[in-house]
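Visitor: starting from these lines, generate the structure:
(2 chains)
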Amino acid sequence: MSVSNRSTLVLTIALAAAQWIVPSAARAQTPRIRVAFRVRASEYRQAFSGAERRTVEDSATALLVQALLRHFRFVTFTADSADATPRVLLVTLDQKDRGPSAPLGEVGLHVLLRNPPDSTISYWTPYRRAGADLDREAVTVETFLAELAIKLDGLVDADWDRLVGEHLSRISIADTADVAVWGSPAGWLIPYSSKQICIDTRTGKLLVTNQQITDAGFEDRDVIARVATFHPRDSTTVPSRIFTRFKDHIHAKALDPSGLPAADSLRVSGVYIVEYHFDAVHCATLTPPNTEPNQ
Amino acid sequence: MTRSLAVHLVCALAASALTLPADAQDSVAAAVNRAQQLQQAGSWEDGRALLTRTLADCSQGEEGRGCRGVVLSALGYLHQRQAQDETPDEADLLTRAADYYRQAILQSPHDGASLMNLALTYQALGRDTDLQQLLEAALEQDPDHAAFYALLLGDVYGDQSRWDRAVQVYGRGIAAAPDNEALRRRLVDAYRQLPPDSAARLFRLVSESPDWEARFPDASARAYEVVVSMLAGPNREIAARACMRWIGVLSDAQLLSAARLDAVGDSWLTAPLAELKTFLQEPKRPPVGSFWRDPAGREALGRAALELGLRRSAAADAVGAEMYWQMGLRIAEAFPEAPVMLDLAMETAALYQRHRELDPDGGKFRDIEQRLFDQKSEAYARADKDAIQQLHTVLGLIYVERGIWRSNLPWTNATYQLEHALSTARERDAASGSYQPLPQLRARLAQTYEALGRTSEATATYLTAAEAYLDADDPRSAQRMLERGSAVAGPQPEQTARALDALIRARAAGGPAGDARPSLDACERGAQHATGAARAAGLDAAFLKRQQFKLLADCVVGGNAAVRPADAARVFNLVATEKIPLVGVGDLVRLQRSQNAVNRLLRVSNESPNRKPDVAAPRREGMVRVQLSTELRPRYIPINTDALVGTRVIEHLASDSMVRAVSVRDGKVTVVTNEASDTTKQRLQTKVQTVQGVQSTKVRVGSNVMQRAPAPGPAPVPPPAAEDVAGALNAVVAAYARALESRSLDAVRKVVPEFDAQRLEGLFARAQGLTARIAIEGFSVDGDRANARITGVLEYRELGLPKRQRFEQRAVFGRGPNGEWRMTSVR
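Guide: Below is the predicted model:
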């Protein structure tokens, strides 16, 4: 690229970026979801008294929140039933076939996400296989919770993928006013660093929904993007407000940038994580030092 | 007094306490703990000052090495933690942390905490060259955390586009930590960067290992995606096979979606995948192209139909489910019948049972029955025992519900199906060493016999149902079974029934009712007594062993009375060393309660309780098997080696009330007591030294270690979904490597009876300082036998010169008497 071409490009990018209000530098908050667990399968309901069931449901909610917090950082979870968030993840233990009561059928965890104005429901993961014994008299609060804990600990990536694919990917992770569209081809600067939300940048994918301004008005423009880090080699090519605000933050780059319109013709309407794996390296917990000297 | 002054005073008191006469190492531990408390309160400078003073107090020379290692590591940790909180000084603090860690590693080269934290520090500082060198060394120096280092090192190689090295190191990490899913994902992604023909290797790796698809469907599906994408040109035959498996895995894992299918954009697959995408929406329009016509294609489509039907069923759309399953049956039943036929038939039959409105005259159910039994021998030949057991169970229970006790055809009735469900369960248990109690199936079979007037079979089956209910921790139902059996048999209860009755009463009593707990001896005597009559009546020895465990555990850790850690250690050791299979979640709770009590005394180093489970793998010695009634296959809970050693020590020191804590690291045991006499110390040291697995022992007088954070100890690591065969085989191979390093033919013989002794003798005679690194490249399991291809590198000095020798061997494994894997030969 010749010097003059590069200068033109830099100018174009700068102009494109300058047309947007750069979001405030305040630390963005990830969306909050209230979690609730309910026992609906009739055999399990009959195994517990009313008070026991409430204990089971409260404790199981706490177990779920722990498990969810261990695996996801792009949303936060709370078990607090008084929390005012409109988003609710309701996990229900029920027979898989939601039809008539069937004591022989598989029982598992169903998930309903209320994310106003939408709701999504799906079958998440099996809890008890079809035809398996359920001995109501042997089920106690303690054994039920022990079994649930072991089930949740044993979930694999495929189980978490389903939760993301069918539910959590429906929640926009950022206030659209906090996202900047910048560069050519257009990229999206997200108000989190990859470390903040612990996303594995090698596999993570975002869906950015936009409205493209056209001569005829607006047109929806959805883009699947990979996760990169905004770390321009030459900071002078970037408006300082953008550089300061988004340095080391996520730079979402379209998987297929061909035909992407200019940044200044796009209005972001939502940013969704459609593929997520916890980054076990960058978000690794430090190991406390030993207190016993080597012998 | 101002707060700051108060903090300084507390700190000064703590520091002065450290210089008091107690034991120097106690002071070190106290200082490190105190420094961490100060860090948590944000008093970084006070923590730093305390540790710096403690460092100065460490002895000079070799004897102070351990002390210096601990304190330097703690200083590194303090700076690293502070860097996380104080971002403006982050780089400076991290640089200082790195310096401290490096010095700590010079003192203690195998200290996992320092090595791992230094790696994270280098990474945060972007010191890639240092990071790479550190990780390459750490893989050798601290193999317990090989997975952690391999993940980072593979990423470093990946950043340098050295993808072949990345593949190697990820593979090494997987061998060290077979449960680590992140490593498998990384391995697959690294293959994407290699030349296309290497994808055939990835295909073999994933498709030939029983672990990948069964336990890591997400990584397996990614692998097949890579294979399909990369081999579309050079090797279309493998690509087509990978595509079929990809569809199957996505279906089984409930991940089949149009978006996922779009991940493969090759033109030759466009038409078949477009057909499949249509099928996702429209059950009446299955793919019909030639691509899908071979057996593998029909199996893949059948699995897709099964999953799509299950989705409809979960969404309360029984009609949609029926359409998919009927279509799946049509696809699967063509000759040769696809194995998925069994699952489809089972789901469809159960659907008609649940939704009678879909089959008002029972004709559809009979049709499924007919088709199933017409071809069942073929299905049997191909399908696995899990599916067969489940099929018989579901059909048996349907026949029970319909009251079909006998039939013209011998197999279309409850008796036949339940008998076969139970006999298949027995076969599976015999093959895998598992135990499924299945009380409700037994109860229903007994009920069936009774309805048919087969009195003696009914009586015997009621008794086995009673035993099974005891295994499932339900004495009340056991009692009911016993009463039903007695009612069928007549007024005179036989000896077995009387013995069972006594056992049921003992079990029903549960743990101690009040605040007082009997002594361990009393508990053991009680358990012996309760099972005595049953033993005399000739009840199964394995059953009685399980009951004895439950009785003992309930007495020792059940109820609300305080639990004595040493007694709890006895319960834990009973499970871990005598390999008592845990049956049902009740046993899991018994184990957890005993672990909790043991953890009041036990500390096991070098594991962070908050670490995400897939980052660092603990040292493992054994697995505890748990059969939950809700699952077909047993789960395996790995036990940390040091925790096991520590628990044995605690049990062994039960009579020594002055023991306040036991800590174990790499088999090195430190016993903390509240008594300082040399005689006591010597006696304890001698006593501990006799415990299996103890490498060395130290006894010191200590502060109250028990008040610190709970030990990570033997708390169960999240268990794998199925038996961790790879993990077990890797452990055997690791033992083989250690035996080679010992350069002793006897040591090798203990691991593997059949090997080329002559060749090894020659090697051992000339090799000095031999180290062996061995990994499993691939393996297959056939019942109780496994075959593996192992590759390795031997490094040694010969006549003073360094030598490096690569080798590849074929290893055969078999099960030992307790179900554990053993190497039987290596060629």
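Visitor: and the pLDDT at B:Thr121?
Guide: pLDDT recorded at B:Thr121 is 96.
Visitor: name the SS class of it, please.
Guide: Counting by DSSP: H, G, I helix; E, B strand; the rest coil, the backbone at B:Thr121 sits in helix.
Visitor: just A:Ile273 next, same as before
Guide: A:Ile273 ends up strand, using three-state DSSP.
Visitor: number of residues surrounding it?
Guide: Neighbourhood size, A:Ile273 [other Cβ atoms under 10 Å in any protein chain shown]: 22. In this view, the C-beta of every residue, glycine as well, is placed from N, C-alpha and C.
Visitor: over to B:Gly453?
Guide: For B:Gly453, the tally of surrounding residues (other Cβ under 10 Å) stands at 10.
Visitor: how close does it get to B:Thr415?
Guide: 12 Å (Cβ to Cβ, to the nearest Å).
Visitor: try B:Arg593
Guide: According to Cβ to Cβ, B:Arg593 stands 41 Å off from B:Thr415.
Visitor: for chain B, which segments count as strands?
Guide: With DSSP state E, the ranges of strands along chain B come out as B:582-583, B:602-604, B:620-627, B:635-640, B:659-665, B:668-673, B:696-701, B:768-782, B:785-798, B:801-815, B:821-826.
Visitor: which ones are touching the residue nearest to B:Trp292 when sequence neighbours are not counted?
Guide: The shortest distance from B:Trp292 to any non-neighbouring residue, by Cβ to Cβ, 6 or more residues apart in numbering or on different chains, is to B:Leu301 (5.6 Å). Residues in contact with B:Leu301 (Cβ atoms under 8 Å, 6 or more residues apart in numbering or on different chains) are B:Ile247, B:Leu276, B:Phe279, B:Pro286, B:Pro287, B:Trp292, B:Gly328, B:Ile331.
Visitor: domain ranges for chain A, per the record?
Guide: As assigned by automatic domain parsing, chain A contains the domains A:32-170, A:174-286.
Visitor: ok, the longest one near chain B or not?
Guide: This means domain A:32-170. Yes - judged by Cβ under 8 Å from any Cβ of the partner chain, domain A:32-170 and chain B are in contact via A:70, A:96-100, A:102, A:104-105, A:107, A:110, A:121-123, A:127-135, A:137-138, A:142-144, A:146-147, A:150, A:153-154, A:156-158, A:161-162, A:165.
Visitor: mind checking pLDDT for B:Leu51?
Guide: At B:Leu51, the model reports a pLDDT of 94.
Visitor: got it, and B:Asp57?
Guide: Taking B:Asp57 on its own, its pLDDT is 89.
Visitor: how much space between it and B:Ser27?
Guide: Taken as Cβ to Cβ, the span from B:Asp57 to B:Ser27 is 7 Å.
Visitor: between these two, which has more neighbouring residues?
Guide: Each of B:Asp57 and B:Ser27 has its neighbours counted (other Cβ under 10 Å); B:Ser27 has more, 21 against 17.
Visitor: tell me the secondary structure for A:Thr209?
Guide: Three-state call for A:Thr209 (three-state DSSP): strand.
Visitor: touching, it and A:Arg267? I think so.
Guide: No - using Cβ atoms under 8 Å as the test, A:Thr209 is too far from A:Arg267 to be in contact (9.9 Å).
Visitor: those strands in chain A, which residues are they?
Guide: A:32-39, A:76-78, A:88-95, A:107-115, A:118-128, A:180-182, A:187-190, A:205-214, A:217-229, A:250-254, A:266-275.
Visitor: partner strands of the fourth one, with direction?
Guide: When pairing is defined by DSSP bridges, strand A:107-115 lines up against strand A:88-95 (antiparallel), strand A:118-128 (antiparallel).
Visitor: also the longest one?
Guide: Strand pairing for strand A:217-229, using DSSP bridges, gives strand A:205-214 (antiparallel), strand A:250-254 (antiparallel).
Visitor: check those for me and report the most buried one.
Guide: Ranked by average neighbour count under the criterion mean count of other Cβ atoms under 10 Å in any protein chain shown, the strands paired with strand A:217-229 are headed by strand A:250-254 at a mean of 23.
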